[in-house]
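Asker: Sequence first, then the predicted structure, then my questions.
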Amino acid sequence: MLALLLSLLLGWDPLAQTNGQTIPFDVRAKQTLLMGKGANTGLPYYDVIITRQPIQGVLVKLPYTKKGGKFSFDLHHRIAMTPDFGLPAEITTVIEVLSGGTTSLGVFTIADTINQGDKFDEPIIKASAAEIDRYVSPVARKTITMDIHPGPQSISVVGQMLIITRGTITTRVDTPGTRIAAVSNFKFVETSPGAPLEQ
């Protein structure tokens, strides 16, 4: 009888009825990866480093779901816009999302031409006051959305490479440990009833 009563109460609990709604998840990125927070939105921005080790990436623990859902985040270039950076520049940033150790959920790219005077769409309140971080900024914004299958899941956003072209000179950065991207605006929405995930 008590079990029946508890199940009825949980059925009426608004937190238990999250189908089609954004539901909580846990960002477990190391504090050293926090670039800062958006001055307008208050959202955290995390640095993405080149690695094949999920524990070193931007870790996100997603909640258990029976139906799965959609996970999304905004991807940005991470550039130190020093006075001698050299603009215009074509920038291509490549990241990967890993799950279950080193299982890839996808490789994602953002590519833009950065011109003199371009600025990010919101100021960043930096987590570090170090001189080396003074000019670092996210640049551009691309929303990445992926299907998440039912069950518990942890994912990690890791970097693959950064390619910068200025005139006829192209520089490729793929050294492990290098910070090449930023991510922000994480969201997880559980699949609504009657809307199965595409296979």
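Answerer: On my side now, so go ahead. Residues are numbered from 1 along each chain as shown.
Asker: Tell me the predicted confidence for Pro193.
Answerer: Listed pLDDT for Pro193 reads 63.
Asker: Show me what the host helix or strand of Met146 is packed against.
Answerer: Assigned by DSSP states H and E, Met146 belongs to strand 136-148. On a contact count with 3 or more CB pairs under 8 Å, 6 or more residues apart in numbering; DSSP states H and E, strand 136-148 meets strand 69-80, strand 89-99, strand 103-114, strand 124-126, strand 179-190. C-betas here are computed from N, CA, C, even on glycine.
Asker: partners of that strand in the sheet?
Answerer: For strand 136-148, the pairing partners within the sheet under DSSP bridges are strand 69-80 (antiparallel).
Asker: what about the partner strand, average pLDDT?
Answerer: On average, strand 69-80 scores 96.
Asker: relative to strand 179-190, how tilted is that strand?
Answerer: 160 degrees (axes from the mean of the first three to the mean of the last three CA atoms, to 10 degrees).
Asker: and the angle for strand 69-80 with strand 103-114?
Answerer: With the same axes, to 10 degrees defining the directions, strand 69-80 sits at 40 degrees from strand 103-114.
Asker: for strand 69-80, the distance to its chain's centre please.
Answerer: Its chain's C-alpha centre and that of strand 69-80 lie 4 Å apart, by CA atoms, centre = their mean, to the nearest Å.
Asker: Can I get it as PDB, trimmed to CA atoms?
Answerer: Extracted C-alpha coordinates of strand 69-80, given in PDB (Å, rounded to 0.1, in the frame of the first residue of the first chain):
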ATOM      1  CA  GLY A  69      17.100  13.000 -25.300                       C
ATOM      2  CA  LYS A  70      19.000  15.700 -27.100                       C
ATOM      3  CA  PHE A  71      22.200  17.300 -25.600                       C
ATOM      4  CA  SER A  72      23.400  20.700 -27.000                       C
ATOM      5  CA  PHE A  73      26.100  23.200 -26.400                       C
ATOM      6  CA  ASP A  74      27.600  26.200 -28.000                       C
ATOM      7  CA  LEU A  75      31.100  25.800 -29.600                       C
ATOM      8  CA  HIS A  76      33.500  28.700 -29.900                       C
ATOM      9  CA  HIS A  77      37.000  29.300 -31.200                       C
ATOM     10  CA  ARG A  78      39.400  30.200 -28.300                       C
ATOM     11  CA  ILE A  79      41.800  32.800 -29.500                       C
ATOM     12  CA  ALA A  80      44.300  35.100 -27.800                       C
END
